[in-house]
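# coords please:
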Amino acid sequence: MKILIVEDEKKVASFIKRGLEDDSYEVTLSHDGADGFKRASSCEFDLIILDCMLPKKDGITVLHELREAGNQVPVLMLTAKAETTDIVSGLDAGADDYLAKPFAFAELQARVRALIRRSEQDRGAEIRFADLRLDPVNHKVWRGQSEIVLTAKEYNLLAYMVRNAGNVLSRANIADNCWEYPFETFTNIIDVYINYLRKKVDGKFPNKLIHTVRGQGYILKEGSAS
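This next block holds a predicted model:
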């Protein structure tokens, strides 16, 4: 497994690199955003660990440009900023996970394993529900013949719901499987992303698929929720 670390604090970068190499990952280092973008664009990685505050090009810009270029490699953002608005900005840009400094290395290891495991699961066959169709390789989504453009985080959330269609998913379920964050911290963000999906997946279609089950969570099903 190949991992790119884009981190301008060289001691932090070296510490992460040594730890991940001990876990048998092949690690490449970059210390500024411009070089990080170049390396990410020219070589195939299984995961990118990307700092938010970088010289030459900040991490959010790097992530935007990678996603716009169609690069869907999983990205774990590292930052000293832990405000909800900063987290939402990173996730909206296409980040798959977010870790605030300082952090325990064991937590970073767990998040790396989770993101790579999820990426491997996404390399399978097309998944469907009703007239909804998901391509796990290219992270593309259609309803009928209409393609729906989703961010990486929206896609991960929708894929989880499709794989669990017909089951009521609590916010805790969603947080554990799509964010790897403590549920209490991210309740509002989950609601925000469900609303994003509703607008894109259900907005112009008469057959609504995403429903709220009052007091319990959300469910993907045809017709009205119970």
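# What are the boundaries of the helices in the chain?
10-22, 33-42, 59-68, 84-93, 105-121, 152-163, 171-174, 183-197 (DSSP state H).
# which of those has the lowest average pLDDT?
Ranked by mean pLDDT, the helices of the chain end with helix 84-93 at the bottom, a mean of 75.
# quick one: contacts of it?
52, 59-60, 63-64, 67, 77, 79, 98, 151, 153, 188-189, 192-193 (C-beta atoms under 8 Å, 6 or more residues apart in numbering). From N, CA and C alone the C-beta is placed, and that goes for glycine too.
# With stretch 52-62 instead?
Contacts of stretch 52-62 with the rest of the structure, by C-beta under 8 Å, 6+ apart, involve 6-8, 31-37, 40, 50-51, 77-81, 86, 89-90, 93.
# related to what we said a few turns ago, please check the contacts of helix 84-93 and keep the buried ones.
Neighbour counting with 16 or more other C-beta atoms under 10 Å marks 52, 59-60, 63, 67, 77, 79, 98, 151, 153, 189, 193 as buried within these.
# Tell me, domain by domain, which residues of the chain belong where.
Structurally, the chain divides into domains by automatic domain parsing as follows: 2-121, 127-220.
# Quick one: end-to-end distance for the shortest one.
This means domain 127-220. Terminal residues of domain 127-220 are spaced 14 Å apart (C-alpha to C-alpha, to the nearest Å).
# Leaving out sequence neighbours, find the closest residue to the most centrally placed residue in the chain.
What sits nearest the mean C-alpha location of the chain, by C-alpha atoms, centre = their mean, is residue 96, with 2.1 Å. With C-beta to C-beta, 6 or more residues apart in numbering as the criterion, residue 96 has its nearest non-adjacent residue at 4.6 Å, and that residue is residue 74.
# That neighbour and residue 139: what is the separation?
Distance of residue 74 to residue 139, computed by C-beta to C-beta, to the nearest Å: 11 Å.
# Which of those two has more residues huddled nearby?
residue 74 (25 against 19; other C-beta atoms under 10 Å).
# ok, that one - contacts?
46-48, 96-97, 115-116, 118-119.
# I'd like those as TSV, with distance to residue 166 appended.
Shown next, in TSV, are the contacts of residue 74 (distance: C-beta to C-beta, whole Å):
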residue	distance to residue 166
46	32
47	32
48	35
96	26
97	27
115	27
116	28
118	21
119	25
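# Out of these, who's the most crowded?
Neighbour tally across the contacts of residue 74 (other C-beta under 10 Å): the maximum, 28 neighbours, falls on residue 48.
# Let me know the distance separating that one from residue 58.
Taken as C-beta to C-beta, the span from residue 48 to residue 58 is 14 Å.
# ok, now residue 64?
Taken as C-beta to C-beta, the span from residue 64 to residue 58 is 10 Å.
# How about residue 69?
On the measure of C-beta to C-beta, residue 69 and residue 58 end up 17 Å apart.
# higher neighbour count, those two?
residue 58 (15 against 11).
# And that one, what's its pLDDT?
Looking at residue 58, its pLDDT is 92.
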